[in-house]
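1. Predicted coordinates and the sequence they were generated for:
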Amino acid sequence: MLKEGHILYRLERERYIFEKKTRPSYVDTYYTGIRGIGISIGKLDLYVAAAGINPQRVLPIMIDIGTNNQALLKDPLYLGLQHRLDGEEYIAVIDEFMEAVFTRWPHVIVQW
């Protein structure tokens, strides 16, 4: 089992672009949780198709920051964090993620 903070080392060394999603934007507020991954994948598809970027060099990422959606919290199939991270907790998770990504891939593009 890997120690905390080492999961990114299981991925290949070469990456160009990450599309990261943690919470809905004004465009996709109707998506909840992992159901919003399609937007990240679609953006990366555009880079591959329009800019000719190798599809093996892009990676959509979802970071589970939880939910306050009562319907999801009551759903036995919901596997995410039970309450949404906000404030300092949220910032700490994002800071750890960004530090790990740029340590592993110093020249990568991370799109929010």
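-> Structure received.
2. pLDDT on stretch 79-96, on average?
-> Across stretch 79-96, the average pLDDT comes to 87.
3. and if you look at stretch 63-73?
-> Averaged over stretch 63-73, pLDDT sits at 84.
4. Could you give me the buried positions within it?
-> I65, G66, T67, L72 (16 or more other C-beta atoms under 10 Å). Placement of C-beta: from N, CA and C, glycine included.
5. T67 versus the nearest residue to the last one once chain neighbours are set aside, what's the distance?
-> So that's L72. Closest residue in space to L72, ignoring its immediate chain neighbours: Y78 at 4.6 Å, by C-beta to C-beta, 6 or more residues apart in numbering. Per C-beta to C-beta, to the nearest Å, Y78 is found 7 Å from T67.
6. for the helix or strand hosting T103, which positions count as buried?
-> According to DSSP states H and E, T103 maps onto helix 87-104. Along helix 87-104, these residues count as buried under the neighbour rule (16+ other C-beta under 10 Å): Y90, V93, I94, F97, V101.
7. what are the ranges of the helices in the protein?
-> Applying DSSP state H to the chain gives helices spanning 37-51, 70-74, 87-104.
8. Which secondary structure elements does the last one sit against?
-> Looking back up the chat, that one is helix 87-104. Contacting helix 87-104 under the criterion 3 or more C-beta pairs under 8 Å, 6 or more residues apart in numbering; DSSP states H and E is no other helix or strand.
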